[in-house]
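Q: Output the structure for:
(one chain, ligands or ions: 1)
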Amino acid sequence: MATTHRRDPEIVIIGAGVAGIATAVTFKQAGFHNFVIVEKGSDVGGVWHWNRYPGLTCDVPSQIYQFSFAPKPDWRRVWATGPEIQRYHREVVEKFGLTEHLLLESEVVGARFGDDGWGVNIADGRELRADFVIAATGVLHHPFTPDIPGLGEFTGSVVHTARWDDSIETAGKRVAVIGTGSTGVQIVSALQPEAATLTQFARTPQWVLWAPMGLPQPWLLGKALDLVPGVHRRLYDGMLRASGILADVVLRPSWRRRAVQDFARLSLTAQVHDPRLRQALTPDYEPLCKRQVVSGTYYRAISAPNAELVTDAITAITPTGIRTADGRHHEVDVIVFATGFKPHNYMRPMNLIGRDGLTIDEAWSKGPRAYRMTAIPGFPNLFTVLGPNSPTGSISLQYSAELTARYITSWLRRFRAGEVDTVEVTEEATTRFNDEVADALGPTVWNTGCRSWYFTDQHTIDLWPFDRATMTRMLTTPDERDYHLTRAPRLAAL
Ligand code: N01
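A: Numbers count the residues shown, from 1 in each chain. Prediction:
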């Protein structure tokens, strides 16, 4: 009979954003302390560290945009601002003792799996050894700036929203904003009141659902959540359950979907009275098809006398402005790129090499794919948290990250007990899961005919097409039949 051998897994978590923090705390709570969190930024928080543009607000209510293990009773607003969310992340890191595990300003440039587990390479030349690697690298962290002719010759200020530069003056200036996604809408609302002029360049208009995003959280609610035992947990669980409506609305056609879509149309017609502007702001696809934009201020901002919506395509940037296809030249002082991200990179451009020299670019030559968001064939003892097909916009990301991290701890426990040395998902299980995903994506609203960042270059939709109960079922107990497990001879002989 083989003797079991207990050993403490060495773990490298890549990324200290929402996914990395959720993973680290979950591991600690499960008794795994032998980990480092490697983060390329100078602070924790991920998107909330990198994105500091004026007007940044989370369009998910704060009482659900938080970790289940760190309920915060006293959010200042129902929809918190970026700086408050970033403070929360720092507090969580402090409170749960993660600081001593952090390697900040350390970019992972490569990782290779070999006979001795994983070697993880950091840009400054250090190499870390690991039994397990967790890629918690996020989705929206590589800013995308279109290559517009003449951009390099512009003499004013240029900035991407995800790399905001506080030294750039926008008050009293002629400001151009390119892009109409959640970010473009928030920054237009923030900059328009003080700009001399604000011109938004819209390649595709978006539906903008009205919500009172600036609403303060009632002081009494914060006190009650803080002082009455059990109430906060019940509110959080209730909000998670209630958010199931959102998954239902996006996943299958129903009267509930139509009701939300009608509200999106009403949000436009009730707020924009100028027929030409309303026409220009009306998308030719269904509401909710793209990641839904939410704002209580945008339509007012873009209707203001100093604002203009330009729908003609940009043809060039000149030293003093932007030229559009109708031949007009728009003189501006500042160009703000709210043009989004390269969302399907995940851990790339990291040079990730799995079993038998397989690179992640080879494994993902037909687009990013993973088993249940977390395991990739050919990459033993590597898991992603908020990896491919994560539920951006339909299920709480914190919930998904914590659930995935708990799932991974099942394998860490078996490693610690000496029952397995390597764990690698099978190709068959991954294909089966991806086939199920493709089938389930059919009736979703994301598939109703719009271009969105949800689509990969291979025209698949990189989202979670199931409800939360299905996610929970899939990520509660690993199914051994879906994995190749090995037990190294050195251990079996012990
Ligand atoms: O990026 P986007 P985002 N010429 O990809 C346009 C999250 N988020 O940063 O639609 C002209 O949505 C592009 O046009 P088109 C949220 O998940 C959350 O706004 O492709 N325009 C589009 O209008 C969100 O979905 C919060 O035709 C060009 C825009 O740029 C995600 O981040 C807040 C162009 C890009 O929109 C990304 O949002 C903010 C070109 N060459 C963001 N190239 C919360 O509140 C691109 N565009 C939680």
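Q: For the rest of this, base every contact and every neighbour count on C-alpha atoms.
A: OK.
Q: pLDDT value on the residue minimising distance to the centre of the chain, please?
A: For the chain, the residue nearest the mean C-alpha position is residue 139 (4.6 Å; Cα atoms, centre = their mean). Note on residue 139: pLDDT of 89.
Q: now do the one 4 residues further on
A: With respect to pLDDT, residue 143 has a value of 96.
Q: burial measure for it, as a count.
A: Residues lying near residue 143 (other Cα atoms under 10 Å) number 17.
Q: List the beta-bridge partners for it.
A: Residue 143 has these beta-bridge partners by DSSP bridges: residue 341.
Q: wait, isn't it in contact with residue 160?
A: Yes - the pair residue 143 and residue 160 passes the contact test of Cα atoms under 8 Å, sitting 7.5 Å apart.
Q: Any chance you could list residues touching both of these two?
A: Counting by Cα atoms under 8 Å, 6 or more residues apart in numbering, the shared contacts of residue 143 and residue 160 are residue 339.
Q: what's residue 161 sitting at in phi/psi?
A: When read as degrees, to the nearest 10, the backbone of residue 161 gives phi -60, psi -30.
Q: How many neighbouring residues does it have?
A: 23.
Q: can you check residue 254 too?
A: If you count neighbours by other Cα under 10 Å, residue 254 ends up with 11.
Q: show me the residues around it that make contact.
A: By Cα under 8 Å, 6+ apart, no residues touch residue 254.
Q: Residue 385 now?
A: Applying Cα under 8 Å, 6+ apart, the residues near residue 385 are 19-20, 23, 134-137, 373-374, 401, 404-405.
Q: cool, and residue 147?
A: The contact partners of residue 147, taken as Cα under 8 Å, 6+ apart, number zero.
Q: Can you tell me the element it falls in?
A: Of the helices and strands defined by DSSP states H and E, none includes residue 147.
Q: got a pLDDT number for it?
A: Predicted confidence (pLDDT) for residue 147: 96.
Q: on that earlier part again, in strands, which of the contacts of residue 385 appear?
A: 134-135 (DSSP state E).
Q: Could you dump the contacts of residue 385 into TSV and include distance to residue 181?
A: Formatted as TSV, the contacts of residue 385 follow (distance: Cα to Cα, whole Å):
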residue	distance to residue 181
19	23
20	26
23	29
134	30
135	27
136	24
137	22
373	25
374	28
401	24
404	28
405	30
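Q: from the contacts of residue 385, which single one is nearest residue 44?
A: residue 20 (9.1 Å; Cα to Cα).
Q: OK, contacts around the spatially closest residue to residue 345 that is not a sequence neighbour?
A: With sequence-adjacent residues excluded and distances taken as Cα to Cα, 6 or more residues apart in numbering, residue 345 is closest to residue 139, at 7.3 Å. Taking Cα under 8 Å, 6+ apart, we find residue 139 in contact with 343-346, 386-387.
Q: Which segments of the protein make up each domain?
A: Under the assignment the TED database, the domains of the chain span 11-44+98-142+343-486, 151-216+222-233+261-337.
Q: And the strands in the stretch 101-250 of the chain?
A: 102-103, 108-114, 117-122, 127-130, 132-135, 157-160, 174-178, 197-201, 208-209 (DSSP state E, counting those that start in this stretch).
Q: Select, out of the ones you listed, the one closest to the ligand.
A: strand 174-178 (5.6 Å; Cα to the nearest ligand atom).
Q: how far is the closest one from where the chain is centred?
A: On the basis of Cα atoms, centre = their mean, to the nearest Å, strand 174-178 sits 25 Å off its chain's mean C-alpha point.
Q: how about the CA coordinates for that strand, as PDB?
A: Extracted C-alpha coordinates of strand 174-178, given in PDB (Å, rounded to 0.1, in the frame of the first residue of the first chain):
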ATOM      1  CA  ARG A 174     -11.800  71.400 -26.300                       C
ATOM      2  CA  VAL A 175     -12.100  67.700 -25.400                       C
ATOM      3  CA  ALA A 176     -12.600  64.800 -27.800                       C
ATOM      4  CA  VAL A 177     -13.800  61.400 -26.400                       C
ATOM      5  CA  ILE A 178     -13.500  58.400 -28.700                       C
END
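Q: Flag every buried residue along that strand.
A: 174-178 (16 or more other Cα atoms under 10 Å).
Q: Tell me if residue 269 really is in a helix.
A: Yes - according to DSSP: H, G, I helix; E, B strand; the rest coil, the state of residue 269 is that of a helix.
Q: what's near enough to touch it?
A: By Cα under 8 Å, 6+ apart, the neighbours of residue 269 are residue 278.
Q: And the pLDDT for it?
A: 98.
Q: So which bits of the stretch 1-150 of the chain are right by the ligand?
A: Within the stretch 1-150 of the chain, the positions adjacent to the ligand are 57-59, 146 by Cα under 6 Å from any ligand atom.
Q: Is residue 58 in contact with residue 82, as I believe?
A: Yes - under the criterion of Cα under 8 Å, residue 58 makes contact with residue 82 at 6.6 Å.
Q: circling back to that earlier point, quick one: the residue nearest to the centre of the chain and residue 214, what's the gap?
A: For residue 139, the distance to residue 214 equals 26 Å [Cα to Cα, to the nearest Å].
Q: Then residue 485?
A: Taking Cα to Cα as the measure, residue 485 and residue 214 are separated by 51 Å.
Q: ok, now residue 245?
A: 23 Å.
Q: could I get the contacts of residue 385 as TSV with neighbour count?
A: Converted to TSV, those look like this (neighbours: other Cα atoms under 10 Å):
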residue	neighbour count
19	30
20	30
23	29
134	25
135	23
136	30
137	26
373	26
374	26
401	27
404	28
405	26
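Q: ok so, going back, relative to the ligand, which of the contacts of residue 139 is nearest.
A: For the contacts of residue 139, the nearest to the ligand is residue 343 (8.4 Å; Cα to the nearest ligand atom).
Q: Please report the number of neighbouring residues for the closest one.
A: Residue 343 sits with 19 neighbouring residues when counted by other Cα under 10 Å.
Q: Same question for residue 414.
A: Neighbourhood size, residue 414 [other Cα under 10 Å]: 15.
Q: pLDDT at it, what is it?
A: 96.
Q: so who does it touch?
A: Here residue 414 is in contact with residue 420 (Cα under 8 Å, 6+ apart).
Q: Please report how far it lies from the ligand.
A: Computed as Cα to the nearest ligand atom, to the nearest Å, the residue 414 to the ligand distance reads 36 Å.
Q: chain center to the helix or strand hosting that residue: distance?
A: Under the criterion of DSSP H and E, residue 414 resides in helix 397-416. From the chain centre to the centre of helix 397-416 is a distance of 19 Å (Cα atoms, centre = their mean).
Q: now the helices: where do they sit in the stretch 151-300 of the chain?
A: Secondary structure of the stretch 151-300 of the chain (DSSP state H, counting those that start in this stretch): helices at 182-191, 219-227, 231-242, 244-251, 255-271, 275-281, 298-303.
Q: which residues are contacting the shortest one?
A: Read it as helix 298-303. Contact with helix 298-303 is made by 185-186, 188-189, 192-193, 208, 268, 271-272, 277, 307-309, as judged by Cα under 8 Å, 6+ apart.
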